[in-house]
Structures are given as C-alpha cells and as structure tokens.
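1. what would the 3D arrangement of this be:
(one chain, ligands or ions: 1)
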Amino acid sequence: MMNVLLIYPRFPDTYWSFRYALSFQGKRAAQPPLGLMTVAALLPHSWNKRLVDANVERLQDRDLAWADVVFISAMQIQQHELIGIVRRCRARGLRTIVGGPIASSVPQAELECDHVVIGEAEDLIDGLAADLEHGTARPQYESAERPGLERTPLPDLSLIRMNRYSTMTVQCSRGCPFNCEFCDIIEIYGRRPRTKEPPQVLAELDQLYNAGWRGPVFIVDDNFIGNKARARLLLAAIVTWQKAHGHPFRFITEASINMADDPALLAAMQEAGISSVFLGIETPDESSLAATQKHQNTRRDLLDSVATIQRYGIEVMGGFILGFDTDREDIFDRLVEFIQKSAIPIAMVGLLQAMPGTQLFRRLTREGRILDSGGGNNTGCQLNFEPRMNAERLVEGYRSVLRRIYASEPYYKRVGQYLSRCRPEYQSNLSFRNVRAFLLSLLRQGVLGKSRASYWKFVATAATRHRAYFGAAMTMAVMGYHFQVMTARVLEGVADSLPI
Ligand code: SF4
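-> Prediction:
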C-alpha cells in the first residue's frame, strides 16, 4: 500500500485563469484538475490518495511528509511552478512522477523528475503502479497507442472540495480531426476523435448531481463536434438527462466553427443546455487561415457563422492569434473591427506560439527561426520565434488590440450585442455567492472603478433593455473586470491609461 499525493501546480495569472472575476464569487479557481482526478481513479484502490491543487490551497510540508510518492500533472504554462514542486519533493527524497501535456513537449531532463508518463494514462497506469510497488519503476513510460475511452473511469470527485471552483468538468472525447499547423492537441491526442459512450458521460453527470453540484459544467473536449455522429448521440442522451433532473447544469465547451453549418446539431446543443462555446477563430485573414492549415475556417463568412451560432442562444468565446507569416500591417485594425462586429465579449487574443512537437515548431526549426521552446502562455508579450513582421511592431500591434478591445466602452458594447443576439436563457439565482458578487461588482466597478460612468450606463441598459437576462449581463460585467485587470497587467507601464 502506498500514500500517493497528486499535485496540480499553480497557473500564472493569465486571461485564462479568470482569477479576478472568480474573486467576486469567493471562488479560488475556475476548474478542478480533472486529469489528476481521473489518474487517481485508475490507481490501485488500496492506495491512499490525496490531491493538492495549488490553485486553491497551499502545498504544505505536512502533505509531503505524508506521501510515499508524488504524481504531478501539468501543462507547459505551469512548468515553472512544476519544477519548484519537483525540487521540493526531491529535497525530501520523495519520488516524483510527471504526466499531462507537459510530458509530451518538454524533455524529462528539464522536468527534473524521477519518472515521466508520456501520453494518456489509461494503458500505462497499472504497469507503473506495479513497478512502483516493487521498486522497479523505469524513468519513462510511454503508451504505444492512444487508448479508447471506454475504460476511462469516473474521476475521483472525493479528492476535491467543489465549492472552491466556479465550474465542474467532464470529458466526452479526446482528439480533433483538423490539422492546424500550430496545434499541439492533435500531436498529443490525435486526429481521430475518441469518444466515451453516452452512459459513461451520464454517470459523470450523475456523480456531480448527486454530490450537490448545480450550475456550469465545462465539457473539456478538444473539439466537442470532432465526431459529429457521436456528438449527436450524446446530445440526445444529455437532453433526456437534463429534463429528468430539472436542467441542473449549463454546459460550456470547445468546438470548431463548422458547427454553424449544421442547424440540427445547433438545436440539439441548445436543447442539451450548451450555453457557451469556445471557437478557435484565429484571424479574419483568409490567407493566414489557409497558411496555418485552418481550412475549416476558410471559404465562409466568419461573422455570419458566429451570428448563426449565437442565434441558438449559444455564447461564442473566440480565440484569436496574431503573428502569422502572412499577417500584414493592417491586421491589427482588421482584428479589432472583426471582434467588435462579432458580438464576442470574451475574445482571447494571443501572439502565435510555436509549441514544441507541433508542425509549426518543426517548420520554424527547419527555417532557423526558433528562439526558445516558449512557456505556453500565448497571452504574454514574448515571442519564441522570429516573425516575418518586425517583432517590435508585432508586439506593439498586439498591445494596441488588447487596449482597444478591453477598454470598457467597446467591451460593454459587445456584451450588449451578445445579449440581444443570444438572449441567454440561464439566470443567476439569488444565492449568497451571486448576491455577494453583484454587490462587489457595484462597489469595485461602480464606485471604485475608473470607468464607472460606462459601467453604470451598461447596468442601466441591462436593467431596462435586457431585464430578462440581467444575471447574465452582470456575469459579463464581472468577466470584463478580469479582462481589464489582466490587460492592464499585460500592458505593464501603460496600465494607467486603461479605464479599469
Ligand atoms: S480545430 Fe482546434 S483542436 Fe482542432 S486542430 Fe485546430 S487548433 Fe487543434
């Protein structure tokens, strides 16, 4: 029997952390570490397990003293924190095992751990656990092929305290059929989507429901509609489940923009309670889309596709990238114009990153343009390759885009358009946390905020024109606070000019 400590390193503050919005609700992180919770369920039942998510609690010496072995899962952006944890463990003589996406893109020597698990855990974990028990564990475990998900167990929900998180998570599929040049997901999880059976997913929903969760659930798939036929089957099952349980969840997921071409699929997503979808739109420039092999986004009116999805009551969150070889000087103005017309309040704009292991990284290596392996944070201002455009001009243009889209007036304007188009059906209830968030918003944004005039104008419009969606409007106002704080931080030095 072993005492195994599972550790999830802290994320740095990025747009993705939502940290400044979460504080309004008294939440500590957006989502729990689903991968580690799944690994825990795969480990021998006889082992004692504890999980420390450093995003919601401190890793204490007493946690390390309890453990015989430490499992750490991370993405590349957590590398700095991960290495700090590995060194702390090793200083105490604790055996460390690192897995997760970082293990596929960063060499083991740089991770400084005793063992590394490359790829997905399902087929590896039994052998690794046996070797650990016998003291014969190898430095590296790598799965020969990508496992089917029918063996994936229910994540071990007992290891977390749900009330620390704003959103729970489930995973229905892994992989994506597309071939974007910069994408590391298809390198790690493959281009043939693998899906869980509907009863497996419903069992995960049951587990969350029975544990008392109500509210948002993030379906963390790489592309929820990667296999459309399977997505349709699953949606039908979720529709029935939601009806039987009184619609306790609203879902957020990630998908590709070709969902806009399928009205029946959109209707099913809406009926199942999918209220938000993240789309990699990347750029309004057709030649850049073609050059980066994002063909699914070409030969279409992107604004039209976004509006089609929104008319099904599904909020679109958009990912955008600057720094493609084909970007010209006018790309910054064109991107701002696109985002403003799109009614996408949450627009994640980043500089292109060449992630190790991707087609892009290999091409830029061949062209002698790689500067370093990057840190996985594409919303910082560092480039890890030599762009075609002058690098200073690119970074300055990137900053100008952030400054313009997250200034309060344009942001609230997009939220107003989103409310008109989507008519978001979910409502925030009058729970203590929601009332607290509302009062804090009034204080931080309406009394202390530099842009209180725009804020009150927005609140007044929301209370009159969008009264039926007032809860959603205030949620977006709070999200805007996070983006404005983060933008000020990214812009460092010009932060005072931001109307926060
Ligand atoms: S659509 Fe998204 S997940 Fe799929 S290959 Fe492109 S970037 Fe990767």
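2. buried ones in the helix or strand bottoming out on mean pLDDT in the chain?
-> Counting by mean pLDDT, DSSP states H and E, the chain has its least confident helix or strand at helix 432-441, which shows a mean of 89. Using 16 or more other C-beta atoms under 10 Å as the test for burial, helix 432-441 gives Arg433, Asn434, Ala437, Phe438, Leu440, Ser441. Heads up, the C-betas are built off the backbone N, CA and C, glycines and all.
3. how long is stretch 116-130 from one end to the other?
-> 15 Å (C-alpha to C-alpha, to the nearest Å).
4. sorry, that was for stretch 177-188
-> First-to-last distance for stretch 177-188 - C-alpha to C-alpha - comes to 13 Å.
5. so which residues make contact with that stretch?
-> Here stretch 177-188 makes contact (C-beta atoms under 8 Å, 6 or more residues apart in numbering) with 101, 104-105, 119, 175-176, 191-193, 222-223, 226-227, 256, 280, 282, 291-296, 321, 352-360, 363.
6. the residues you listed also near the ligand: which ones?
-> Contacts with the ligand within the contacts of stretch 177-188, as defined by C-beta under 6 Å from any ligand atom: Cys176, Asp222, Asn223, Ser256, Gly280.
7. nearest to the ligand, of those?
-> Of all those, the ligand sits closest to Cys176, with 3.2 Å by C-beta to the nearest ligand atom.
8. so what does the helix or strand hosting Asp63 touch, helix or strand wise?
-> Applying DSSP states H and E as the criterion places Asp63 in helix 61-66. Applying 3 or more C-beta pairs under 8 Å, 6 or more residues apart in numbering; DSSP states H and E, one finds that helix 61-66 makes contact with strand 3-8, strand 48-53.
9. mind checking how far that helix is from the chain centre?
-> 30 Å (C-alpha atoms, centre = their mean, to the nearest Å).
10. please apply the same query to stretch 59-66.
-> With C-alpha atoms, centre = their mean, you get 29 Å for stretch 59-66.
11. and it, what's buried?
-> Those would be Leu59, Asp63, Leu64, for stretch 59-66 by 16+ other C-beta under 10 Å.
12. equivalent analysis for stretch 288-305, please.
-> Per 16+ other C-beta under 10 Å, stretch 288-305 contains these buried residues: Ser288, Leu289, Thr292, Gln293, Lys294, Gln296, Asn297, Leu302, Ser305.
13. state the helix or strand in which the closest residue to the ligand within the stretch 401-500 of the chain lies.
-> When distances are taken as C-beta to the nearest ligand atom, the stretch 401-500 of the chain reaches nearest to the ligand at Val401, 20.0 Å away. Val401 belongs to helix 391-405 when assigned by DSSP H and E.
14. and the chain, what are its domain boundaries?
-> What automatic domain parsing lists as the domains of the chain is 3-142, 167-342, 418-497.
15. select, out of those, the one closest to Gly374.
-> Closest approach to Gly374 among these (C-beta to C-beta): domain 3-142, 7.3 Å.
16. just the endpoints, please. Distance across that closest one?
-> Note: domain 3-142 ends 24 Å apart using C-alpha to C-alpha.
17. and the stretch 151-300 of the chain, which residues reach the ligand?
-> Cys176, Phe178, Asn179, Cys180, Cys183, Ile185, Ile186, Asp222, Asn223, Ser256, Gly280.
18. mind doing that once more with 5 Å?
-> The stretch 151-300 of the chain comes close to the ligand at residues Cys176, Phe178, Cys180, Cys183, Ile185, Ile186, Asp222, Ser256, Gly280, as judged by C-beta under 5 Å from any ligand atom.
19. number of residues surrounding the nearest residue to Phe332 once chain neighbours are set aside?
-> Of all residues beyond its chain neighbours, the one nearest Phe332 is Gly397 (4.0 Å), with distances taken as C-beta to C-beta, 6 or more residues apart in numbering. Using other C-beta atoms under 10 Å, Gly397 has 21 neighbouring residues.
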